[in-house]
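S.K.: predicted model and sequence below, questions to follow.
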Amino acid sequence: MPDTAQTPKGPRHVAIIMDGNGRWAQARKRPRLFGHQAGAKRVREVVEACPGLGIKYLTVFAFSTENWKRTQVEVAGLMNLFRRYIVKETRNLTQAGVRVRFIGDRVRLDSKLIDLMDTLEAATQHNDLVHLTIALNYGGRDEVARATKRLARDVAEGRLRPEDVDEETLPKYLDTRVLPDPDLVIRTSGEARISNFLLWQSAYSEYEFIDTLWPDFTSAELERLCRSFGRRDRRFGAVPA
């Protein structure tokens, strides 16, 4: 396991856009769901690597609000994969000290999946070694829209004054309100866009766009990216003293 002392300035919160499962499978002349299955297995290795790298929070983009546009076969397969992943990994995550949260709009998800999500969150709620957040039916714009509705409702009902709303207010209504903003956002597969992921939260995140397809991503590559992060000069708009 990597030595935490070797990454003193490493990221505390890493967010990952896990892209490339379909292309990985197609390169092997297999169905896209084969790639998604391989990608799900990769999550475990990354989660297990986090403590040794000083990563306290890991957020992964599992299914976006736009992914419903894919074929019914792929969407149904993904939903089944999510259910099986939760059932299979609940015991391991609980014993490993991982706390799991889900973010995103649950309205379109089936009741069995929602029940499994609730059960996993409850089973791991007292864990604190790693906080794993899974973005499922998540979109950054959708999250901001839902947060704004809740904020507007509080204003309308007199719990919040309009003049008190500032840039510190909205985050309290986001799905991620109990999490720190990500320090590092990684996107695999060679695409250089953020695809509606953590739009508000990643305003000052560092980004790494890498060519590796998600099923090929390893803990060694995560360590390399954390080291690279540690060499960056993060000024947040200021200038060196």
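M.R.: Arrived safely. Numbering: from 1, shown residues only.
S.K.: list the buried residues in stretch 184-202.
M.R.: 184-189, 194, 196-198, 200-202 (16 or more other Cβ atoms under 10 Å). From N, CA and C alone the C-beta is placed, and that goes for glycine too.
S.K.: now the residue nearest to Leu109 when sequence neighbours are not counted, what's its secondary structure?
M.R.: Spatial nearest neighbour of Leu109, chain neighbours left out: Asn137 (5.9 Å); criterion: Cβ to Cβ, 6 or more residues apart in numbering. Three-state call for Asn137 (DSSP: H, G, I helix; E, B strand; the rest coil): strand.
S.K.: what lies in contact with whichever helix in the chain runs longest?
M.R.: When the chain is parsed with DSSP state H, its longest helix is helix 72-95. With contacts defined as Cβ atoms under 8 Å, 6 or more residues apart in numbering, helix 72-95 is touched by 32-33, 36-37, 40, 44, 47, 62-63, 67-68, 100, 109-110, 112-113, 116-117, 119-120, 123-124, 127, 132, 136.
S.K.: could you list the paired strands of the helix or strand that it is followed by along with their orientation?
M.R.: Next helix or strand after helix 72-95 toward the C-terminus (DSSP states H and E): strand 98-103. Here strand 98-103 has these sheet partners by DSSP bridges: strand 130-138 (parallel).
S.K.: now the partner strand, how far from the centre of its chain.
M.R.: Centroid displacement of strand 130-138 relative to its chain, using Cα atoms, centre = their mean, to the nearest Å, is 5 Å.
S.K.: let's test this: mean pLDDT of the helix or strand just after it, rounded?
M.R.: For strand 130-138, the following helix or strand on the C-terminal side (DSSP H and E) is helix 140-156. Confidence over helix 140-156 (mean pLDDT, whole number) is 97.
S.K.: these two touch, right, Trp200 and Tyr173?
M.R.: No - assessed by Cβ atoms under 8 Å, Trp200 is found out of contact with Tyr173, at 10.3 Å.
S.K.: re earlier: taking the buried residues of stretch 184-202 together, which two end up most distant?
M.R.: Farthest apart among these by Cβ to Cβ are Ser189 and Trp200. That separation is 23.9 Å.
S.K.: picking up where we left off before, could I get the buried residue list for the longest helix of the chain?
M.R.: Neighbour-count burial for helix 72-95 flags Gly77, Leu78, Met79, Leu81, Phe82, Arg83, Tyr85, Ile86, Glu89, Thr90, Leu93, Thr94 (criterion: 16+ other Cβ under 10 Å).
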